[in-house]
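In: Structure, please.
(2 chains)
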Amino acid sequence: MREKYLLLVEDNPDDEELTIVALQENNIGNPVVVVHDGAEALDYLIGKEETGKDAPHDLPVVVLLDLKLPKINGLEVLRRLRDHERTKYLPVVVLTSSREEEDRIQSYSLGANSYVRKPVDFGQFIEAVKQLGLYWLVWNEPPPQK
Amino acid sequence: MYEFCHVLHSHFNNQRQMSGFLNSLRFRLILLVFLAVLPAVGLIIYNGVEDRQNARNNAQEDALRLTSLVSMEITQAIQLTRQLLLSLTEFPAIKNGDIQDCSFLLESIRRIHPFYTALAVVDSDGALGCSSHKDQFGINLADRDYVQRALLSCDFTVSDFLVDRLTGKPSLAFAQPIIDQEQQIQGLVVAAIDLSSLVRIVSEVELPSGSAMTIIDSKGKALARWPDPEKWIGHSAAETGIGKKAMAGTVGVAETVGMDGVPRLYGFRPLMSDEHGIGFVYIGIPQQIAYREANRILTRNLIALGAVILLGLLAAFLFGHVLIMRGVVELVNTSKQLADGNLEARTTISSTKGEIGELAAAFDDMASSLQQREKERKQAEAEIRRNAERSQFLSEISDEFIKAGLDYIPVLSSIVHRMVEWFGDYCFIHLLTDDEKLSLASAAHNTLTNLEDDVQPSFSSLSDDEASVLHRVVSTGNPSLIQGTDFQDIPVPLDDLSCHDVFIVPMRTDEQVIGTLTLIRHQSHHALTIEDESFLQYVADRAAVSISNVRLVRTIQRMNAELEERVRSRTMQLSLANRELEAFAYSVSHDLRTPLRAIDGFSRILMEKYSGLLDAKGSDYLQRTRAAAQRMAELIDDLLELSRLTRTEMRQTNVDLSAIVHEFRLQVQESQPDRAVNFIVQDGLVVRGDERLLRSALENLMGNAWKFTGKHEHALIEFGMETQQGEPVFLVRDNGAGFDMKYADKLFGAFQRLHSLTEFPGTGIGLAIAQRVIHRHGGSIWAEGAVDRGATFYFKFPGAR
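Out: Sure thing, here's the model as predicted:
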């Protein structure tokens, strides 16, 4: 049995820390893998382009994807994930500070499973992360993996 | 139909000719001649009548004289007969009554005097005794009138017409009583003469030819007639005109008819013998014969007179033609020429020639005045025609300008060509260029073609000297008409063309002179006059206005193009800025919030996990840090909202403002059920606009009202519409904290606040949002209020109508 884990794509170390604190606060003990830019995220999920091989590890139960990322931004990451056979159905939750309408439309049209705005209020933030963790780790049935 | 008319026409023609002749001078002249000879005719006829009268008298006298001759002859014959018979009575053979002897005697006498056709003796009873015809017996003459008269009167008697019983011939008988010794009538001796013998007697009288002599007895029967005795003897003339006259018993003359019905001039008298009437004689000379001479003279005189009249007429005709008719004919011919349209025609008669001359002079005056009037009429007609042509000309060039659109050069060419065709020989148009030079725009000559190509190079730009006349017209704005032959000043493009008149008119618009129109005529016979000025000026001005309009349109088009270009460039810049703004907003949305979350998050972690390390003040500061972060997050959100309102595209739909207000009311009342706020909302206020934007504006305004009435126990919030200066104006009114009107202009500034945060929370962006929305709808928003007296926000926009 593979261990269920989360992939957090977040370039801001503050948000990374706060997210992890929030998960801990909510007693979510599943491992959290953190990548810090879009390219890294794609490498991790799909595999390095130059090797041409799939990533050697299992997919996470959910990807928490920020949109504003160095190198390759979040929407592009999402598009490539959806283009790839391996990650076509991978649950992706857009977790971002933006509330821009354009971002939401694009995210959903590219196949995001959810769109969550990071509240500035930390209490709300903890609550949001808790809900997300519980839902995706506990209640959601992931798509079958090949 | 034509034939009928023709007939009618010729009929009238004939009638006219007839009445024309009757009215003609010549006819009157002839009439005058006739009148002149009328007395002569009268005199001749009078003379003729006189002559006839004389002829009649003469004839009648002749006839009467002849009757007297006849009467004498007859009377003489009867006297002889009486003497013979009287002598016979004395013969014994007669008296004795011896028949043998008696008969012998009578027989002998008859033979001696063959004049007597029969001689006889009758007794007193009328019975025939002896006679010259001894074989005749038993004859009784008692019934004979003359016998009875002789027996009664015992005297000689003459019979009337009778047929002798012895001879059986028409005869005249005589009776002489035989008186015996006792003075008793023993018998009668009777003799008869053949009437032809009587005729022989009278025929010896020489009668005028054609005359007739007639002897009638007392009863009117013809005893003798010459000529044609056989035809008339024995016929009664008692009932004829002359018979009646003659039988009256007098001597006289008469003009009447006899038995043959021929009118004659008669002389008549009774035939008498010893107081005894025997009969009557009358002689008639035929009128024809009697009047022959008189008639001949009359005829001769009349013929002579007729000849004289003819001569007179001829003279009148000829001399009349010379003396009168020639003048009249001259007048007539001249008037015909006039009627035929030759108004130059005049009579050649000297006015000193009496009445005809005066008439001719008057006629010539009349012709002159007619010519003058005709000339004036033609001038007037020409004027009207010219005006019509000019109107048409103007109308056509107007049309051409309209059709030409923005290219007026072909129209100018058309104008100059028409000008030379209609009004002059040579026409050209100069237009002022931007540098105030005159440039030839178009030229036309009535015989030279392709003129523009010829003159363009040499004439397209005039030196100041050359163009001085044109420039003077341009600078003064007054037309210039130059007449005569000295045109050294005129810049004629082709030198070898002579000019007689040159007319230069300025081409004026309301504001300025834009060029000149020059019209030249080579000959003087249709010289340009000052009357042409107004027309030329009109044409020039019309052209000028059109050119000016075209130029204006071109300018506007150029400006439009520039404007469009500018708009395009601005739009590009704007969209660029917009994109930058979007990028900025995106960045703000992301990057400005992220640190805030970190501030808030770590502050909270500090408070929760490291609270033991901090005193109360430290905790308070951490709390303030978190509040500030929170507030900054709100500011960022509002700022993004404001930015979005500016950038997002508007979608026009029908928006129910009242419904939005109601939704807001329900929402706030639910979230703050403890507040008692009285809402007055006017229903059914629907406008045209972007629903999301209008909702945002209204929610902000209502939110303000809700917020600023928060400290009032009897809060009142009103939404409605009223009409100000004919326009619908919406209002949101509250009875809350209000504001000082001196800050009214600051109300709508972004992040402008009139109250402290502790008094009323908020970012100060709401009214800026509301204003932005109303502005984007093309409207305006303003506020009225007073501190603690509430505030009223008004807004209006075109979609509200």
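
In: Just the endpoints, please. Distance across stretch B:249-269?
Out: 7 Å (CA to CA, to the nearest Å).

In: contacting residues around that stretch?
Out: Stretch B:249-269 is contacted from outside by B:56, B:59-68, B:71, B:211-212, B:214, B:222, B:225, B:232, B:235, B:237, B:240-243, B:245-246, B:270, B:277, B:280-287, B:290, using CB atoms under 8 Å, 6 or more residues apart in numbering or on different chains. C-beta here means a position set from N, CA and C on the backbone, and glycine is covered the same way.

In: to the chain's geometric centre, what's the distance from whatever helix or strand residue B:551 lives in?
Out: In the assignment (DSSP states H and E), residue B:551 maps to helix B:531-587. In terms of CA atoms, centre = their mean, to the nearest Å, the centre of helix B:531-587 is found 60 Å from the chain centre.

In: Packing partners of it?
Out: With contacts defined as 3 or more CB pairs under 8 Å, 6 or more residues apart in numbering or on different chains; DSSP states H and E, the secondary structure elements packing on helix B:531-587 are helix B:354-404, helix B:409-422, strand B:501-508, strand B:513-521, helix B:616-647.

In: nearest to chain A, of the ones you listed?
Out: helix B:616-647 (3.8 Å; CB to the nearest CB).

In: if I pick residue B:603, what's in contact with it?
Out: Residue B:603 touches A:122, B:622, B:623, B:625, B:626, B:629, counting by CB under 8 Å, 6+ apart.

In: Go through the helix or strand that residue B:299 is a member of and flag the buried ones.
Out: Element membership for residue B:299 (DSSP H and E) is helix B:292-320. Judged by neighbour count using 16 or more other CB atoms under 10 Å in any protein chain shown, the buried positions of helix B:292-320 are B:294, B:295, B:297, B:298, B:301, B:302, B:305, B:309, B:312, B:313, B:316, B:320.

In: Out of those residues, flag the one nearest to residue B:328.
Out: residue B:320 (9.3 Å; CB to CB).

In: tell me which residues in the very next helix or strand once past the helix holding residue B:551 are buried?
Out: Heading C-terminal from helix B:531-587, the first helix or strand you meet, by DSSP H and E, is helix B:593-609. By 16+ other CB under 10 Å, the buried positions in helix B:593-609 come out as B:593-607.

In: ditto for stretch A:13-22
Out: For stretch A:13-22, by 16+ other CB under 10 Å, it's A:15, A:16, A:17, A:18, A:19, A:20, A:21, A:22.

In: Which of the residues you listed fall in helices?
Out: Among those, the members found in helices (DSSP state H) are A:15, A:16, A:17, A:18, A:19, A:20, A:21, A:22.

In: Pipe those residues into a markdown table and attach distance to residue B:560 and pLDDT per row.
Out: Shown next, in a markdown table, are these (distance: CB to CB, whole Å; pLDDT from 0 to 100):
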| residue | distance to residue B:560 | pLDDT |
| --- | --- | --- |
| A:15 | 54 | 85 |
| A:16 | 58 | 88 |
| A:17 | 61 | 88 |
| A:18 | 59 | 86 |
| A:19 | 59 | 87 |
| A:20 | 64 | 87 |
| A:21 | 64 | 86 |
| A:22 | 62 | 86 |
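
In: Just the closest of the residues you listed to residue B:152, please.
Out: Using CB to CB, those come closest to residue B:152 at residue A:15, 214.4 Å.

In: ok, the closest one - contacts?
Out: Residue A:15 is in contact with A:66, A:118, B:594, B:597, B:598, counting by CB under 8 Å, 6+ apart.

In: Between all of those residues, which two are separated the most?
Out: A:66 and B:598 (13.8 Å).

In: list the residues that contact both of those two?
Out: By CB under 8 Å, 6+ apart, residue A:66 and residue B:598 have these common neighbours: A:12, A:15.

In: For chain B, which element, helix or strand, carries the lowest mean pLDDT?
Out: Least confident helix or strand of chain B, by mean pLDDT, DSSP states H and E, is helix B:451-459 with a mean of 50.

In: got the residues of chain B near chain A?
Out: Proximity of chain B to chain A (CB under 8 Å from any CB of the partner chain) is limited to residues B:585-586, B:589-591, B:593-598, B:600-605, B:626, B:629-630, B:633, B:637, B:640, B:644.

In: Next, the distance between the ends of stretch B:415-430.
Out: 13 Å.

In: one step back: which one of the contacts of residue B:603 has the most neighbours?
Out: Looking at those with neighbours defined as other CB atoms under 10 Å in any protein chain shown, the largest count falls to residue A:122 at 26 neighbours.

In: relative to helix B:292-320, how tilted is the helix ranked longest in chain B?
Out: Identified as the longest helix of chain B according to DSSP H is helix B:25-90. Going by axes from the mean of the first three to the mean of the last three CA atoms, to 10 degrees, helix B:25-90 is angled at 170 degrees with respect to helix B:292-320.

In: Downstream of helix B:25-90, the next helix or strand is which one?
Out: With DSSP H and E, the next secondary element past helix B:25-90 is helix B:92-96.

In: for the record, mean pLDDT for the helix holding residue B:299?
Out: Average pLDDT, helix B:292-320: 81.

In: ok, then the element right after that helix?
Out: Following helix B:292-320 in sequence, per DSSP H and E, is helix B:326-339.

In: pLDDT below threshold where in the stretch 701-801 of chain B?
Out: For the stretch 701-801 of chain B, the stretches with pLDDT under 70 are B:751, B:754, B:756-759, B:801.

In: and what of chain A?
Out: Looking at chain A by pLDDT under 70, you get A:1-2, A:49-56, A:145-146.

In: repeat that with 80
Out: Residue ranges of chain A with pLDDT under 80: A:1-3, A:48-57, A:98-100, A:120, A:144-146.

In: Likewise for the stretch 501-650 of chain B?
Out: By pLDDT under 80, the low-scoring segments of the stretch 501-650 of chain B are B:501-502, B:511, B:520-534, B:578-579, B:581-593, B:611, B:639-649.
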